[in-house]
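[1] With the input below, show me the fold.
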Amino acid sequence: MNEQTTENLHRRYDLAQERKYPSKKVPASHQSEALDKLHHWFRANNSPSGGILVLPTGGGKTFVAVRFLCSGPLSQGYKVLWLAHTHHLLEQAFYSFASPNQGQGYHAGNEVGRITEPKPTLNVRVVSGTPGHFPVHQIKPDDDVIIATLQTITRAYNDSKQTALRNFLASSQGQLFVVFDEAHHAVGDYAYVFVSEMYQKQREKRLILGITASPGNDVTKILEVCKNLDITNIEIRTKSDPDVKPYVHDLKIFWKEIPLPHDFAHTIQLLRQALSERLKILKNIEINISICHFSLLCLVENLIFV
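    Predicted structure coming up:
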């Protein structure tokens, strides 16, 4: 990825100009159906409410989410807090609002051109601790879309000195739409859960959209995600669905083993030695254990500093 500067990852759009060149991308049939359902859910305005969109990798879930936000919530005066857990997901979302190349073919992906009047401008900003992204204290009250990592938002919310985030939330005047990218992570003690709980406590009128390609096969975990994100509406399509199948392809994975660097190998040796010593202690007091390799690594993590 090319080196980024903060100037690259903030845009102020003049929507009067952008509306002259709205995105002409035609949604596939499964995307159109998903968009119709999202708009129906949004128009029902039964807040607090949450929805989750499940499309397989390559199915266009980010495009669907951004097209919906532009033609729905952002057109109705909502602000958007888009949360993800890696910097490349933040940048993918940022460039989904409009192409980075405002030249030939620009109109093909200019989703902000679909934001309706009378909204005059749109400010979109990427926020994280990654070099080239904006730090959280540079969030502005007039920002309309903040695309940020979970870790950054969680730390800022827990820090009373970080007022920029709170000012942005207050500026939404109760109209805040939160997107949880890779929503299947919203289980256990993951940061998604904290942010969702924070949002639910702070706002009576709340709308949440989770998007994911991997909800998993464990019904218990799926239900946990729905509970944690306050989800009551689900749109799910799989790669086996006839209208989705042409857009997704099986992945061919080729594994290549490479030797670990010397420092890594030495560290593993030390960890194994530390684990062996502690297992001997357990054996001497007649405690028998039988655990898998992954559990051994977790045991090391907990015992290494004992």
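
[2] where does this protein have low pLDDT?
    For the chain, the stretches with pLDDT under 70 are 1-7, 46-48, 100-108, 186-205, 216-219, 286-306.

[3] Okay, buried residues for the lengthiest helix in the chain please.
    Secondary structure of the chain per DSSP state H: the longest helix is helix 262-284. Buried residues in helix 262-284, counted by 16 or more other Cβ atoms under 10 Å: 271, 275, 278. Every C-beta, even on glycine, is put in place using the N, C-alpha and C of the backbone.

[4] Now do the last one against residue 272, distance only.
    Applying Cβ to Cβ, to the nearest Å, one obtains 11 Å for the distance of residue 278 from residue 272.

[5] by contact count, what packs against the longest helix of the chain?
    Counting contacts by 3 or more Cβ pairs under 8 Å, 6 or more residues apart in numbering; DSSP states H and E, helix 262-284 packs against helix 293-303.

[6] counting contacts, what elements does the helix or strand residue 53 falls within pack onto?
    Element membership for residue 53, per DSSP states H and E: strand 49-54. Here strand 49-54 touches helix 29-44, helix 61-71, strand 207-212, helix 219-228, strand 233-236, going by 3+ Cβ pairs under 8 Å, 6+ apart.

[7] coming back round to it: and which of the buried residues of helix 262-284 is nearest residue 284?
    Lowest distance from residue 284 to the buried residues of helix 262-284 (Cβ to Cβ) belongs to residue 278, with 10.8 Å.

[8] Restrict stretch 18-27 to CA atoms and write it as CSV.
    Only the C-alpha atoms of stretch 18-27 are listed here, as CSV (Å, rounded to 0.1, in the frame of the first residue of the first chain):
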residue,chain,number,x,y,z
GLU,A,18,-20.8,15.6,-6.4
ARG,A,19,-24.5,15.3,-7.4
LYS,A,20,-23.6,16.2,-10.9
TYR,A,21,-21.6,12.9,-11.1
PRO,A,22,-23.4,10.3,-9.0
SER,A,23,-22.3,6.8,-9.0
LYS,A,24,-23.7,4.9,-11.9
LYS,A,25,-22.7,1.5,-10.6
VAL,A,26,-25.7,-0.9,-11.0
PRO,A,27,-26.1,-3.2,-8.0
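
[9] hmm, who's touching that stretch?
    35, 60, 63-64, 67, 98, 106-115, 117, 122 (Cβ atoms under 8 Å, 6 or more residues apart in numbering).

[10] Buried among the residues you listed? Make that a ChimeraX selection.
    Here is the ChimeraX command that picks out the buried ones among these, judged by 16+ other Cβ under 10 Å:
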select :35,60,63,64,67,98,106,107,109,110,111,112,113,114,115,122
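
[11] among the contacts of stretch 18-27, which are in helices?
    Using DSSP H, 35, 63-64, 67 are the members of those that sit in helices.

[12] First-to-last residue distance for stretch 91-110?
    End-to-end distance for stretch 91-110: 16 Å, by Cα to Cα, to the nearest Å.

[13] Can I get the helices and strands packed on strand 49-54 in TSV including distance to residue 126?
    TSV is the format used below for the helices and strands packed on strand 49-54 (distance: least, Cβ to Cβ, whole Å):
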stretch	distance to residue 126
helix 29-44	24
helix 61-71	14
strand 207-212	17
helix 219-228	25
strand 233-236	27
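
[14] Could you pull out the strands in the stretch 101-250 of the chain for me?
    121-127, 145-149, 176-181, 207-212, 233-236 (DSSP state E, counting those that start in this stretch).
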